[in-house]
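In: next input, structure requested:
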Amino acid sequence: MCGRFAITLPRDAMAQLFNAQPDNDLPDVPNFNVCPTTDIHVVIGGVERPRRLTTMRWGFLPHWYRKPTGGPLLINARSETIAEKPAFRDAVRQRRGLIIADGFYEWTRTPDGARDPWYIRLADRTPMVMAAVWQEWTGPEGEAMRTCAIVTVAANGRMAEIHHRMPVLVKPDDFGLWLGENGHGAAVLMEAAPDEDLVQYRVSRAVNSNRASGPELIEPFEPEKQN
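Out: Next up is the predicted model:
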């Protein structure tokens with residue numbers, strides 16, 4: 001799965017990377033501890049609409065939820081079942097997006113049950129772009145919001161030693177295919193990134209708190225600073 005990530009790229013640089021028109025109310029950056037249910041940056045597009053860099057709640061809300069807490073928190077969508085699950089099947093066909101990050105966090109457990117965090121980024125330090133699906137949700141009182149989930153795939157190689165799932169990572173040449181601009185066939189992109197594309201290392205347990213912030217969260221772990 002992917003349950004936290006970091007983003008530092010300025011908003012104008014995000015828009016330039018995707019050749020997208022930015023909205024005016026985008027979340028602040030940097031954010032070294034992006035958590036579920038917060039607003040995040042998402043790029044959307046399609047055959048008949050220009051690309052937009054917009055804001056969405058991280059936590060997909062199916063149309064039958066009566067309130068944001070009306071069911072399980074859907075921050076991830078499994079690639080193997082996304083086309084069949086009632087919550088996601090329409091979105092994966094019609095509403096795919098891209099989420100930009102510097103990297104994401106994952107956790108392992110020690111023999112005594114403690115949670116050790118790891119930070120995973122691209123080896124070449126370029127921005128990481130994660131596949132997403134999104135949904136416009138409207139509540140019973142007319143309240144509306146765009147919501148999204150990150151698409152995940154079974155991990156392999158070194159990543160599988162940390163966690164059995166990882167985000168689907170989309171390369172720049174494939175942005176148009178995932179966004180639906182280049183016709184059908186986006187399913188071929190739902191595969192694990194190869195080992196050589198990624199760097200992973202331990203970071204401080206400070207990030208275990210969803211209130212933690214600051215660039216030190218993505219720095220390599222130093223034992224004497226362990227919390």
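
In: run through the protein and note the low-pLDDT ranges.
Out: Across the chain, the ranges flagged by pLDDT under 70 are 1, 223-227.

In: 90 - rerun?
Out: 1-2, 46-49, 113, 140-143, 156, 182-184, 222-227 (pLDDT under 90).

In: centre-most residue in it?
Out: residue 150 (4.5 Å; CA atoms, centre = their mean).

In: list the contacts of it.
Out: Taking CB atoms under 8 Å, 6 or more residues apart in numbering, we find residue 150 in contact with 2, 58, 75, 76, 77, 99, 130, 131, 132, 167, 168. Placement of C-beta: from N, CA and C, glycine included.

In: now with 6 Å, please.
Out: If a contact means CB atoms under 6 Å, 6 or more residues apart in numbering, then residue 150 has 2, 76, 130, 132, 167 as its contacts.

In: name the nearest of those relative to residue 204.
Out: residue 2 (19.2 Å; CB to CB).

In: correct me if wrong: the closest one contacts residue 103.
Out: No: using CB atoms under 6 Å, residue 2 is not in contact with residue 103; the gap is 10.3 Å.

In: ok, and the closest non-adjacent residue to residue 34?
Out: Once flanking residues are discounted, residue 34 sits nearest to residue 5: 5.0 Å by CB to CB, 6 or more residues apart in numbering.
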